[in-house]
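Next comes the sequence, and after it the predicted model I'd like to discuss.
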Amino acid sequence: MNLNLIFDILKNEIQEIIDALALKNHDLAEEKVIKLSEKIADLIDNTTNEDFLREISKYQILLEHLKSKL
């Protein structure tokens, strides 16, 4: 799969979590955080590309920050 496509999907999913938090829909945000956490973990587990790992770690850090807002 194209790396740019993967990162575009991750950006959209992160934005959905931010939107849910802004609307105070914490249940939906929490559900999306769990799903995205699993997706990111799978991506990390299935790659050896250092550039990809470096980039995806940024999303993982952002997701951890969003988890703390729940």
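Cool, the structure landed. Numbering: from 1, shown residues only.

separation between E55 and K69?
With distances taken as CB to CB, to the nearest Å, E55 is found 23 Å from K69. Yep, even glycine has a C-beta here, placed from its N, CA and C like the rest.

Which residue of the two possesses the greater neighbour count?
Neighbours of E55 and K69, each counted by other CB atoms under 10 Å, are more numerous for E55; the result is 14 against 11.

Look up how far A29 lies from the residue nearest to the more buried one when sequence neighbours are not counted.
Nearest-residue entry for E55: F7, 6.7 Å, with adjacent residues in sequence omitted and distances by CB to CB, 6 or more residues apart in numbering. Summarising the geometry, the distance separating F7 from A29, computed by CB to CB, is 21 Å.

Now the helix or strand hosting L5: buried residues?
When elements are defined using DSSP states H and E, L5 is found to belong to helix 3-22. Of the residues in helix 3-22, those scored as buried under the neighbour-count criterion (16 or more other CB atoms under 10 Å) are I6, L10, E13, I14, I17, A20, L21.

which one of those residues is nearest I40?
Relative to I40, the closest of those is L10; by CB to CB it sits at 7.4 Å.
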